[in-house]
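K.L.:
Have a look; sequence and predicted model below, questions after that.
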Amino acid sequence: MTVAAVSAHLDDAAMSASASLDGVPATVITVFAGIPPQGRPAGSWDRLTGAGNSVQRQLERRAEDAAALRLLGARPAHLDELDAQYRDGPPDLDRAVRMMTALLSEADEVWLPAAIGGHPDHVLARNAGLRAAAAAGKAEVLLYADFPYVIAYGWPSWVSGQPADPYLDAGYWLAAELAAAGLDGPLLVPAVIRLSATQRAVKAAVIAAYRSQAPALRLRPADLAGDPGKLDYELFWRMPLTRRLDGLVGLQDGVTQA
């Protein structure tokens, strides 16, 4: 089985779906991996993560991604679209869709971000991936829960099997996130992976490889040691491409029907 996983940024797919990507022939396609123009002021996220030069930081992140994917035995495919922090308007993703279509056509499984958290780049990457998957003739995609955003309020009780906090309903929040993205409904089939000790160790090593990003994401070793439940699960949904996709938030006009 071969896998093509679409990632918005240089870390999303590997952090979110390490257990499913590990040890299978996989290509991780990062849409917003472009290098910003020389002389552009450092982006807001880059500044938060301690970078003063976005060109150098994006090159560093590409190297981190390659190292992380080596841990999984996957290969990177870095597209040249610009991260939201580097651009002044919406991107034209037609070229990215064409490139992804060719890569997705070669894969048995297609993984896309669910865009939990609503980051515009995650939404754009997911929707471009849906367009490409439809163009490649795929009947189904798998939507991974964007990590660590999916655990903004902890794992829902239906994921963990533990009693819910009477004053915090993480399941409600997650359902609302999916609904806001146009992903609610009976067509979504959830699947939960409880990570083994070996899978947890691999996931922790993958996260550590993204050393420039882990502190801002609260995923440093100390963060994981203080809240080891962060690494307990990975979550995804199967979604058939048997209906029109134009109900999805932000999807460009003209999406083809699978």
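P.N.:
Cool, the structure landed. Residues are numbered from 1 along each chain as shown.

K.L.:
so where does Trp173 fall, helix or strand?
P.N.:
In the assignment (DSSP states H and E), Trp173 maps to helix 170-180.

K.L.:
repeat for Val141
P.N.:
Using DSSP H and E, Val141 falls in strand 140-144.

K.L.:
So which elements touch that strand?
P.N.:
strand 109-113, helix 120-135, strand 233-240 (3 or more CB pairs under 8 Å, 6 or more residues apart in numbering; DSSP states H and E). Using the backbone N, CA and C atoms, a C-beta is placed for each residue, glycine as well.

K.L.:
Nearest to Asp169, out of the ones you listed?
P.N.:
strand 233-240 (16.5 Å; CB to CB).

K.L.:
now that closest one: how far from the chain's centre is it?
P.N.:
In terms of CA atoms, centre = their mean, to the nearest Å, the centre of strand 233-240 is found 12 Å from the chain centre.

K.L.:
Can you name every helix or strand that that strand contacts?
P.N.:
So strand 233-240, by 3+ CB pairs under 8 Å, 6+ apart, packs with helix 18-21, strand 140-144, helix 157-160, strand 189-194.

K.L.:
how about the longest one as PDB, C-alpha atoms only?
P.N.:
If I follow you right, that is strand 189-194. C-alpha atoms of strand 189-194 as PDB (Å, rounded to 0.1, in the frame of the first residue of the first chain):
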ATOM      1  CA  VAL A 189     -16.300   7.500   9.600                       C
ATOM      2  CA  PRO A 190     -14.000   8.100  12.500                       C
ATOM      3  CA  ALA A 191     -11.100   5.900  13.500                       C
ATOM      4  CA  VAL A 192      -9.000   6.100  16.600                       C
ATOM      5  CA  ILE A 193      -5.400   4.700  16.900                       C
ATOM      6  CA  ARG A 194      -4.200   4.200  20.500                       C
END
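
K.L.:
neighbouring contacts of the helix or strand that it is followed by?
P.N.:
Using DSSP H and E, the next helix or strand after strand 189-194 towards the C-terminus is helix 197-209. For helix 197-209, the external contacting residues (CB atoms under 8 Å, 6 or more residues apart in numbering) are 14-15, 18-19, 22, 64, 67-68, 71-72, 193, 195, 214, 219, 221, 224, 231-232.

K.L.:
buried set for the helix holding Trp173?
P.N.:
Using 16 or more other CB atoms under 10 Å as the test for burial, helix 170-180 gives Ala170, Gly171, Leu174, Glu177, Leu178.

K.L.:
where does the second one land on pLDDT?
P.N.:
Going back to what we said before, that points to Gly171. On the pLDDT scale, Gly171 is placed at 96.
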